[in-house]
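> sequence? don't have it. structure:
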């Protein structure tokens, strides 16, 4: 089946630890995105990539890093510099800059 | 003023009722609009795209009012399975560079028997 997968579904991070969230898509979409969702707020854009080997900061990139070495993959690393990382992280992809399709999400909790 | 604003609700309605949500946006140049549905602790899923004056899909109708800068979502004959949060999404089509989507915080709908 075509789609977007994210892993893990749940992730727990200790203070000072870096963690990496996986996002893979087999939809042949050029563009991929990472969002963060907090209760009562709209999705906020962390990073986006319009093409392989290129990515741009979104609105809240501080404390996060990404790579786009393959079209299918766009992993997100939450570094220890991110002071409030507990949130629901959503990866999306699109064939153009309009309609985006989301993966199932990763729920990150800081212990 | 937020770029995209929605009434958070919740809207509590009985099965079979008709319910409507509004969403206002601040950028008058915006060209494309979407409604996504998000179930509790799940990812948003595209419900409808709105590119001109409106769009209809079964029990769901989305309308766009450019003069007043709002879009609406009408749900007729509500089902229990319609209970979810409905996200309003706007593409502001800024000049130059990437056009990012702006997400509203969502309107929660609860349909009861």
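Okay, I see it. All of these numbers come straight from a predicted model, not from anything done at the bench.
> all contacts plus neighbour counts: C-alpha atoms, from now on.
Will do.
> so how far is the helix-or-strand element of chain B with minimal mean pLDDT off the chain centroid?
Here the helix or strand of chain B ranked lowest by mean pLDDT, DSSP states H and E is strand B:54-57, holding a mean of 89. Distance of strand B:54-57 from its chain centroid, counting by CA atoms, centre = their mean, to the nearest Å, is 12 Å.
> name the residues of whichever strand or helix holds residue B:12 that come out as buried.
If you go by DSSP states H and E, residue B:12 is part of strand B:11-14. Within strand B:11-14, the residues that count as buried by 16 or more other CA atoms under 10 Å in any protein chain shown are B:11, B:13.
> skipping adjacent residues, who's closest to the residue of chain B found nearest chain A in space?
Nearest residue of chain B to chain A (CA to the nearest CA) works out as residue B:105 at 3.8 Å. For residue B:105, ignoring the flanking residues on the chain, the nearest one in space by CA to CA, 6 or more residues apart in numbering or on different chains is residue A:42 at 3.8 Å.
> from what I see, that neighbour and residue B:104 are in contact.
Yes - the pair residue A:42 and residue B:104 passes the contact test of CA atoms under 8 Å, sitting 5.0 Å apart.
> between the two, tell me which one has more neighbours.
Each of residue A:42 and residue B:104 has its neighbours counted (other CA atoms under 10 Å in any protein chain shown); residue B:104 has more, 27 against 20.
> phi first, then psi, for the more buried one.
When read as degrees, to the nearest 10, the backbone of residue B:104 gives phi -80, psi 170.
> go on, residue B:87?
phi -100, psi 130.
> which pLDDT does the model give it?
Looking at residue B:87, its pLDDT reads 97.
> what sits against residue B:47?
Residue B:47 is in contact with B:34-37, counting by CA atoms under 8 Å, 6 or more residues apart in numbering or on different chains.
> for the residues you listed, which one is nearest residue A:67?
residue B:36 (27.5 Å; CA to CA).
> which ones are touching the closest one?
Per CA under 8 Å, 6+ apart, neighbours of residue B:36: B:44-48, B:86-89.
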